[in-house]
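Q: Take a look and give me a structure for this.
(one chain, ligands or ions: 1)
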Amino acid sequence: MNQATLHQLKVFEAAARHSSFTRAAEELFLTQPTVSMQIKQLTKSVGLPLFEQVGKRLFLTEAGRELFATCRQIFETIAQFEMTVADLKGLKQGQLRLAVITTAKYFIPRLLGPFCQLYPGIEISLQVTNHERILERMSNNMDDLYIMSQVPDHLDVSYQPFLDNPLVVFAPVNHPLAKEKNISIQRLTNEPFIMREPGSGTRQAVQQLFEEHGVKVKVKLELGSNEAIKQAIAGGLGISVLSRHTLMPDSTEFSILDVEHFPIQRTWYMVHPSGKQLSIVARTYYEYLLEAAKKFVKETGYSKLEKVKDEVENLEIS
Ligand code: PGA
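A: Here you go, the predicted model:
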């Protein structure tokens, strides 16, 4: 490996990540023959093939997979070093890779604005996806921090709760049950229900509650996004259970039904693999988010579940 250069590793990492020389070339603003040449030289230094082509698809060999994991560590260490140097210079600089569950997208991006103003040198990449995908990303160590509602019990992780995430029953604003109080959960069986996709944490929590109470809802539609579900509810296709945070304060299209056993009490956590050393940038964001959540609770009282319950009971959106 003495002959291998950092540039070759960079080219290889991109090709491995995309499973494509062409896309690696695009990303790195190189030509495709340059990418092939760099990888050929790297393969020679390693002494074993790094890729294999099956049909039209490109796969990593075992040596390729090992090298890919090594590249990730190398580049992460270099990024950490760059951040340390920037920190020593009094600057907060570097990349922050966040992955958040879909319900957090109503809260996290809004907080990123002020964060970016405070730290203009920090570049952010934000992935919004469901619970299952977040677990996959975490197992592959793809991001700095994860925001999710259920701490995985099969992975060794560190976590910090920062805000409640109540799941409530959404219905169209003029729904016949909208004015009723303390609706029995069994009555949901009469309503067409819109469910999130398999792999969604919201779906899991809803199914668990329904199972506990022997409720069998009629699932009319399955949709893979909270926004799509809201559109379907507004269009009169049915009711659903969504995070209270997906409701914008100025929304007039929905009512929240006062159903027994709701809200389902969930919490947002900041999570990262236990062994992972948080970069300076990630730690800065971690502390910022904790402060921002505290401020949010103080200003709105929003996170107090008791309050949310009151709010749900008194809510009249019309
Ligand atoms: P989801 O996330 O997008 O997977 O439903 C929400 C949650 O887990 O609370």
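Q: Quick one, grab the pLDDT at the residue of the stretch 201-318 of the chain found nearest the ligand.
A: Nearest to the ligand, among the residues of the stretch 201-318 of the chain, is residue 201, at 2.0 Å (CB to the nearest ligand atom). Where C-beta positions appear, they are placed from N, C-alpha and C, glycine not excepted. Looking at residue 201, its pLDDT stands at 93.
Q: could you list every residue that touches it?
A: Each residue near residue 201 by CB atoms under 8 Å, 6 or more residues apart in numbering is listed here: 101, 130-131, 148-150, 266.
Q: mind running it again at 6 Å?
A: 131, 149-150 (CB atoms under 6 Å, 6 or more residues apart in numbering).
Q: now swap in residue 16 and tell me
A: Going by CB under 6 Å, 6+ apart, residue 16 touches 60, 68.
Q: May I ask you to confirm that it belongs to a helix?
A: Yes. Checked against DSSP: H, G, I helix; E, B strand; the rest coil, residue 16 lies within a helix.
Q: looking at the chain, which helix or strand is least sure?
A: The weakest-scoring helix or strand in the chain, judged by mean pLDDT, DSSP states H and E, is helix 305-314 (a mean of 41).
Q: before we move on, the earlier item: excluding covalently adjacent residues, which one is nearest to the residue of the stretch 201-318 of the chain closest to the ligand?
A: residue 131 (3.4 Å; CB to CB, 6 or more residues apart in numbering).
Q: quick revisit: for the contacts of residue 201, pick the one with the most neighbours.
A: Using other CB atoms under 10 Å as the neighbour test, these are led by residue 149, with 23 neighbours.
Q: gap between stretch 27-39 and the chain center?
A: Per CA atoms, centre = their mean, to the nearest Å, the displacement of stretch 27-39 from the mean C-alpha position of its chain is 32 Å.
Q: quick one: average pLDDT of it?
A: For stretch 27-39, the per-residue pLDDT averages 96.
Q: Any idea how far stretch 146-164 is from the middle of the chain?
A: That offset, for stretch 146-164, works out to 12 Å (CA atoms, centre = their mean).
Q: The chain should start at 27 in everything you say after this.
A: From this message on, residue numbering opens at 27, which makes the last subject stretch 172-190.
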